[in-house]
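Undergrad: Need the 3D shape of this:
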Amino acid sequence: MAARLNPYLNFADTSRAAMEFYQSVFGGQLDIMTFGQFGAPEGVDPEGVMHAYLETDLGFELMASDLPPGMEPTTGSGSVTCSISGDDTEALTGYWEQLSAGGQVTTPLETQMWGDTFGSCVDRFGVPWLVNIAGAPAG
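TA: Just a heads-up that it's a prediction; the model follows:
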């Protein structure tokens with residue numbers, strides 16, 4: 001097997017909703033394993049997501065889990081931003097519209113000084129996203 005690098009997101013208790021949302025945005029197959037399937041220890045919600053894996057038809061891979069009690073989400077200098085880029089204006093604009101809906105736009109999706117259309121947002125689950133459309137006109 002070749003090596004892979006993919007985002008692994010952690011949520012306090014919204015992993016299932018977040019991953020179902022990302023599946024609605026990107027499509028693909030979503031597999032979810034709960035803590036209960038593996039004998040959840042005392043104090044852990046058996047319906048909580050121990051591991052979720054989304055693989056899209058385009059080959060995007062995204063993983064996530066709910067944090068067990070006592071663990072805090074990573075923020076600040078250790079945080080991660082997800083980035084999507086390419087030249088398919090229609091698809092990338094669609095991803096942007098869905099990811100930014102109900103979230104916070106930090107940079108509007110528009111032509112930037114380097115000639116690409118770019119925007120950044122934080123989705124409704126608190127995950128930061130960058131969308132870059134190569135050489136595309138502003139939407």
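
Undergrad: When you work out contacts or count neighbours from here on, use the C-alpha atoms and nothing else.
TA: Fine.

Undergrad: Poorly predicted segments of the chain, please.
TA: Low-confidence segments of the chain (pLDDT under 70): 1, 70, 72-78, 136-139.

Undergrad: which residues in it form helices?
TA: Along the chain, counting by DSSP state H, helices occupy 15-26, 89-100.

Undergrad: Strands along the chain, start to end?
TA: 8-11, 29-34, 49-55, 61-66, 82-86, 104-111, 117-122, 128-133 (DSSP state E).

Undergrad: Turn those strands into JSON lines, columns for distance to Gly43 and mean neighbour count.
TA: Listed next are the strands of the chain as JSON lines, based on distance: least, CA to CA, whole Å; neighbours: other CA atoms under 10 Å:
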{"stretch": "strand 8-11", "distance to Gly43": "17", "mean neighbour count": "19"}
{"stretch": "strand 29-34", "distance to Gly43": "14", "mean neighbour count": "16"}
{"stretch": "strand 49-55", "distance to Gly43": "14", "mean neighbour count": "20"}
{"stretch": "strand 61-66", "distance to Gly43": "13", "mean neighbour count": "22"}
{"stretch": "strand 82-86", "distance to Gly43": "31", "mean neighbour count": "14"}
{"stretch": "strand 104-111", "distance to Gly43": "33", "mean neighbour count": "17"}
{"stretch": "strand 117-122", "distance to Gly43": "31", "mean neighbour count": "22"}
{"stretch": "strand 128-133", "distance to Gly43": "30", "mean neighbour count": "22"}
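
Undergrad: and these as CSV, adding distance to Glu97?
TA: What follows is the strands of the chain, written out as CSV (distance: least, CA to CA, whole Å):
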stretch, distance to Glu97
strand 8-11, 21
strand 29-34, 21
strand 49-55, 20
strand 61-66, 19
strand 82-86, 13
strand 104-111, 9
strand 117-122, 10
strand 128-133, 10
